[in-house]
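>>> return a 3D structure for these sequence lines:
(one chain, ligands or ions: 1)
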Amino acid sequence: MDVIALLPRLHLLRFPVGQAYLWHDADELTLVDAGPPGSGHAIADAVTALGHDPAAVRRVVLTHFHEDHAGGAAELAALTGAQVLAHAADAAVLRREVPAPEPVLEEWERPLHAAALRHLPVREVEPPARIRGLADGDVLAFGGGARVVHVPGHTDGSIALHLPAPACCSRGTPWPPPPSTGR
Ligand SMILES: [Zn+2]
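Presented below is the predicted three-dimensional model:
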């Protein structure tokens, strides 16, 4: 796994297929996606190597249910006590309440999909013990308030996260911002 600093508060954990993003707040960590199945321990080790206690991982937000994004979530939640969150539509798939729909692929995407599958562990996504279902517009308590944006298409429950807090994401900008002087 490669660990790449993207922003002062954001690291990319990159697997041969799949990834996770680690967001650092002052007193807790948030993971966005959790890599492929079997990667929970590797993510916890990366958190330790970055100087944090894995128990500081407060939540794992999944952008969608596919195994290269959700695969490590159950293992990581069991290791850290983190809450797992996903849009309600994909949370139902992860809980195995509804079957996972087959991906809808264009002709040109099929060889790419087949190549990616060859690099994934042949393991099912273990369902996390508990998953909180999300809806469009929910605001999560990290990054100064991260808004859930429902972007159905890749899966019915795909989400993006928008962190609109001023200065949260600029390179080199301290967060939280210094208190105003009142002038
Ligand atoms: Zn996917």
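
>>> quick one: the closest residue in space to Val84 that isn't next to it in sequence and His162, what's the gap?
The shortest distance from Val84 to any non-neighbouring residue, by Cβ to Cβ, 6 or more residues apart in numbering, is to Pro128 (4.1 Å). Glycine gets a C-beta too; all of them are placed from N, C-alpha and C. Going from Pro128 to His162 by Cβ to Cβ, to the nearest Å gives 24 Å.

>>> between the two, which one's more packed in?
Comparing Pro128 with His162 by other Cβ atoms under 10 Å, the one with more neighbours is Pro128, at 25 against 13.

>>> following the helix or strand of the chain with the lowest mean pLDDT, which helix or strand comes up?
Least confident helix or strand of the chain, by mean pLDDT, DSSP states H and E, is helix 110-118 with a mean of 86. Note on helix 110-118: by DSSP states H and E, the next helix or strand toward the C-terminus is strand 131-134.

>>> just how off-centre is that following strand within its chain?
13 Å (Cα atoms, centre = their mean, to the nearest Å).

>>> just the C-alphas of that strand, formatted as CSV.
The C-alpha trace of strand 131-134 is given here as CSV (Å, rounded to 0.1, in the frame of the first residue of the first chain):
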residue,chain,number,x,y,z
ILE,A,131,-23.9,0.5,9.3
ARG,A,132,-25.5,3.9,9.7
GLY,A,133,-27.6,4.7,6.6
LEU,A,134,-27.1,8.2,5.1
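
>>> what strands line up against it, and which way round?
strand 83-87 (parallel) (DSSP bridges).

>>> remind me which helix or strand Val17 belongs to.
Per DSSP H and E, there is no helix or strand for Val17.

>>> sorry, that was for Ala42
Judged by DSSP H and E, Ala42 forms part of helix 40-49.

>>> point out the other helices and strands that that helix packs with.
strand 10-14, strand 19-24, helix 73-80 (3 or more Cβ pairs under 8 Å, 6 or more residues apart in numbering; DSSP states H and E).

>>> what sits against Val151?
The contact partners of Val151, by Cβ atoms under 8 Å, 6 or more residues apart in numbering, come to 158-160.
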